[in-house]
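Novice: Here is a sequence with its predicted model. Questions after.
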Amino acid sequence: MALFSTGDELVAPGEPLPPGGVYDSNRVMLGALLRRLGAEVSDLGVLRDDPRALAERIAGAAGDHDLILTSGGVSTGEEDHVKAAVEAVGQLVFWRLGIKPGRPLAMGAVGGAAFVGLPGNPVAVYVTLLFVVRPLMARLGGALHEPLAPRMVRAAFQYRKKSGRREFVRVSLARGPDGVTEAHKFPRDGAGVLTSLTESDGLAELADDVTRVAEGDMIAFHPHGLLW
């Protein structure tokens, strides 16, 4: 598997952070989780925001990898060139999913390799890796992917969402006064808040047809430790 990050703003962890810079946490997290899932990962570094260079590097990786995975550059910003680069050297199968976080996800093929362009925000990367890339990896490896079986817990928070979109909410667990396990929502929602993963116990999965969660509702919970 070939692994890239994309973006001129990315800086290696531990290096001085210039104005406008962002630490390249996605590639570190992806590499670690992919290896836990049994993948052989070629870390090919950062792809800068140059459409021609992006296309050349992605096409080059397709020659000796089964799957190409990138993060960032698949939304609608002026410097989001990954979709166009893939279309220049291969084809896109779809772009965008009805999930949150993780909507701006692209999937396609370049040469004989599958391609997945993950979003740029760390939490969106985590969600799409586990619920999109993991099943794809199983299929490419000739395995039958077994969907993750959630645990049902009681919501200790209120929440509203749009119909037709599956959402994954970061939560932590605690025992309620009656001994029932309750899920408490992480106080910050942003998909760029990496600590919302490290300081929570897992993800509450809210189905497409759910529009609100009330305190006391039973909801599906995926613990981080069992997701990978």
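Specialist: Received it, and whenever you're ready, just let me know what you need. What you are looking at is a predicted structure, and each value in this text was computed from that prediction instead of being measured. Numbering: from 1, shown residues only.

Novice: can we go C-alpha only for contacts and neighbour counts from here?
Specialist: Noted.

Novice: Isn't Val41 up against Ala2?
Specialist: Yes. With contact defined as C-alpha atoms under 8 Å, Val41 reaches Ala2; the gap is 6.1 Å.

Novice: who touches stretch 100-116?
Specialist: 58-59, 62-63, 65-70, 74-75, 83, 86, 89-97, 117-119, 123-125, 127-128, 133, 165-168, 191 (C-alpha atoms under 8 Å, 6 or more residues apart in numbering).

Novice: Repeat the analysis, applying 6 Å as the threshold.
Specialist: 62, 66-69, 75, 90-97, 117-119, 124, 128, 167 (C-alpha atoms under 6 Å, 6 or more residues apart in numbering).

Novice: Now stretch 112-123: buried residues?
Specialist: Ala113, Ala114, Phe115, Val116, Gly117, Leu118, Pro119, Gly120, Asn121, Pro122, Val123 (16 or more other C-alpha atoms under 10 Å).

Novice: where does the chain have low pLDDT?
Specialist: 79, 227-228 (pLDDT under 70).

Novice: Show me how it divides into domains.
Specialist: 2-140, 151-227 (automatic domain parsing).

Novice: Find the residue at the geometric middle of this structure.
Specialist: Val125 (2.2 Å; C-alpha atoms, centre = their mean).

Novice: What separation do you get for it and Tyr159?
Specialist: Per C-alpha to C-alpha, to the nearest Å, Val125 is found 22 Å from Tyr159.

Novice: any idea which of the domains of the chain is most buried?
Specialist: domain 2-140 (a mean of 18; mean count of other C-alpha atoms under 10 Å).

Novice: start to end distance for that domain?
Specialist: End-to-end distance (C-alpha to C-alpha), domain 2-140: 14 Å.

Novice: For the helix or strand where the residue nearest to the centre of the chain lies, list the C-alpha coordinates in PDB.
Specialist: Per DSSP states H and E, Val125 falls inside helix 122-128. Only the C-alpha atoms of helix 122-128 are listed here, as PDB (Å, rounded to 0.1, in the frame of the first residue of the first chain):
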ATOM      1  CA  PRO A 122      -7.700  13.800  11.500                       C
ATOM      2  CA  VAL A 123     -11.000  12.600  12.900                       C
ATOM      3  CA  ALA A 124     -12.400  12.300   9.400                       C
ATOM      4  CA  VAL A 125      -9.300  10.300   8.400                       C
ATOM      5  CA  TYR A 126      -9.800   8.000  11.400                       C
ATOM      6  CA  VAL A 127     -13.500   7.400  10.600                       C
ATOM      7  CA  THR A 128     -13.100   6.800   6.900                       C
END
